[in-house]
Structure formats: structure tokens, C-alpha cells
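> my questions concern the predicted model and sequence given below.
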Amino acid sequence: MSEKACRIWFQGATDRVQHSPYISRLEPHLKSVLDPGFTCTFNTTTPPATTTHAITEFRMARAFIRNAVEAERQGYDCYAISHFQDAGLAEVKSVVDIPVVGLGESSLYHACTLGRKLGLITINPTFIPWHEDQVTRYGLDRRVVGVRAVNAKVSDFMQAFANPDAYQQLLPLWEREVRALLEAGADVIVPAGGLPMLLFGTEQGASFEGAPIVNGLTVLAQSAQMAIKLRRHGSGIVSRRSNYAKPAAQALTEFMEQG
């Protein structure tokens with residue numbers, strides 16, 4: 001690696017004020033797992049993903065695409081989306097030449113190296129169909145036994161970060177869903193989102209009855225580093241033949257001005 005520090009732009013769907021209990025723990029975690037020679041910034045979205053609806057994910061995708069272009073213009077070496085739904089991930093990869101990694105994609109593929117069958121747990125039942133579509137899109141139908149959800153709100157997770165009593169109230173709801181997935185045959189648990197990853201998966205060797213709990217935020221940071229290193233070794237270039245084909249300059253200009 002060169003003497004110049006490699007810079008990673010982490011892009012979230014959260015707001016620095018509304019989600020401060022989460023971000024105040026996320027930023028130091030991301031920095032702590034990076035190797036020497038790598039630095040990062042965590043960038044938020046305002047307004048954040050305040051609703052669990054496809055139109056919100058569409059709005060997140062728009063913001064992620066625009067910010068990826070800005071990250072490349074500012075000379076960042078990698079763009080990492082810390083939103084598990086991977087909203088706009090394919091489009092982001094198509095508009096920039098720097099490496100792009102997504103929390104959902106990197107977490108799920110890494111989880112496949114840890115066991116035979118995966119189980120996903122999201123933070124709200126509304127996201128279950130989205131994650132089921134994600135699993136299909138990544139070709140992992142035969143590796144995933146199910147997607148379940150903690151019946152909670154984002155505010156419940158924020159309180160759990162800030163208050164030990166609130167954490168103890170949320171923990172049994174999480175463990176109930178984990179057990180259901182283990183009974184269905186899962187041997188790896190993937191928290192489907194940064195909130196449950198940071199809340200339940202940060203302990204060294206985090207697991208439940210022998211099943212690893214994947215902290216995809218760590219995977220995302222390490223994947224970003226690896227993508228930069230591979231690029232510098234002449235590998236890791238995305239295909240421009242299909243989904244990641246670059247748009248015409250006019251199309252990108254029109255999107256940045258009006259999209």
C-alpha cells in the first residue's frame with residue numbers, strides 16, 4: 001500500500017441527531033476494525049429512512065447514488081453502503097469507478113463461508129418481503145432457511161443502545177426469533193441491519209447455541225479494505241456488460257441535476 005492513507009466513505013440511511021445513540025457507537029467501531037493506513041468518514045442521510053416502505057428505499061437509493069458520485073469526486077478510495085437493504089447498490093456500482101460494497105451483499109456472502117444454512121432477523125416485519133427478494137437477487141434461496149423479524153420500532157433499538165434496561169427488554173424478543181430460525185435449520189444468524197448487528201453481534205465470537213451471529217458492519221469495513229487492495233493489484237473491477245454498465249454522460253448529468 002502507498003504511504004497515503006486510503007479513505008473509505010461509509011454511507012448510512014440514518015440521521016446524526018435522531019439516531020445518535022447508534023451512530024455514537026457505530027463510528028468508533030468502524031474505525032477500530034480498520035487496518036493502519038485506512039481512514040473513514042461516516043456520512044448520514046437527512047431526512048433518514050423514517051418509514052418502512054419501498055418508496056423510502058427508493059429515496060435512499062437516490063441519495064446513495066448522488067453521494068457516491070460526490071465521494072469519487074472528493075478522491076475517496078471506496079464507497080461502502082451501511083444500509084442492509086442495499087438500496088441502489090447496482091446503480092451506485094454503475095456510476096462510479098471506485099469500489100462499492102453493500103452491507104447486505106457482503107454480510108450474506110460472508111455468512112455463507114461460516115455455515116450451511118442462514119437465518120435472517122430484521123428489525124420490523126415490514127422488511128421481511130424486501131429481504132426475501134434480496135436473498136433471491138443474490139442467488140441464495142437454497143442457503144437461507146427463513147427471514148424473521150423482531151416486532152419492534154427503530155426507537156426501541158435507539159433506547160436499547162442508550163439504556164441497559166431497554167436492552168434487556170429487547171433481548172428476549174431477539175432471542176425468540178433466533179431460536180425459531182435454529183429450529184428451522186439455520187446454523188448462522190445474520191442480523192438484517194446495522195442496528196441489530198451492533199446491538200447483538202459485536203462481542204468477540206458472538207454466537208447463540210453454537211450459531212455465529214454475523215456482525216456485517218465489521219465485514220463491510222474489511223470488505224471495503226479488501227476491495228481497495230484488490231483494485232491496487234489490478235483486480236476487483238466490476239463488469240460493464242450488464243447491470244453495472246456505465247450510463248451515458250448525459251444520463252448521469254440529468255440524474256444529478258433532476259433525479
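Nice, I can see it. Numbering: from 1, shown residues only.
> separation between the residue nearest in space to the middle of the chain and R73?
Residue closest to the average C-alpha location in the chain (Cα atoms, centre = their mean): L103, at 2.3 Å. From L103 across to R73, the span is 23 Å (Cβ to Cβ, to the nearest Å). For glycine as for every other residue, the C-beta is placed from the backbone atoms N, C-alpha and C.
> and for A149?
To R73, A149 is 38 Å away according to Cβ to Cβ.
> quick one: which of those two has more around it?
Remark: of A149 and R73, A149 carries more neighbours, 18 against 9, as counted by other Cβ atoms under 10 Å.
> beta-bridge partners for the more buried one, please?
Counting by DSSP bridges, A149 is bridged to T122.
> now T41: phi and psi?
When read as degrees, to the nearest 10, the backbone of T41 gives phi -130, psi 140.
> what's the answer for S207, then?
Backbone geometry at S207, expressed as degrees, to the nearest 10, gives phi -160, psi 170.
> tell me how far the residue nearest to it when sequence neighbours are not counted lies from H19.
In space, S207 comes closest to I213 once its chain neighbours are excluded; the distance is 5.9 Å by Cβ to Cβ, 6 or more residues apart in numbering. With distances taken as Cβ to Cβ, I213 is found 21 Å from H19.
> so how many other residues sit close to I98?
Other residues close to I98 by other Cβ under 10 Å number 19.
> what does stretch 23-30 contact?
For stretch 23-30, the surrounding residues in contact (Cβ atoms under 8 Å, 6 or more residues apart in numbering) are 10, 12, 14, 16, 40, 42, 44, 82, 161, 194, 198, 202, 217-218, 221.
> you'd agree A111 is up against V214?
Yes. Using Cβ atoms under 8 Å, A111 is in contact with V214, at 4.9 Å.
> what residues are shared contacts of those two?
Here A111 and V214 share the contacting residues 188, 190, scored by Cβ under 8 Å, 6+ apart.
> tell me the SS of V147?
The three-state assignment at V147 reads strand, by DSSP: H, G, I helix; E, B strand; the rest coil.
> err, F42, not the other one
At F42, secondary structure determined by three-state DSSP is strand.
> report the separation between the residue lying closest to C6 once chain neighbours are set aside and V92.
In space, and not counting its chain neighbours, C6 is closest to D77: 4.5 Å by Cβ to Cβ, 6+ apart. As for D77, its distance to V92 is 15 Å (criterion: Cβ to Cβ).
> over to A248?
Distance from A248 to V92, by Cβ to Cβ: 17 Å.
> can you check L108 too?
17 Å.
> likewise G104?
Distance, G104 to V92, using Cβ to Cβ: 13 Å.
> next one: G210
Distance, G210 to V92, by Cβ to Cβ: 36 Å.
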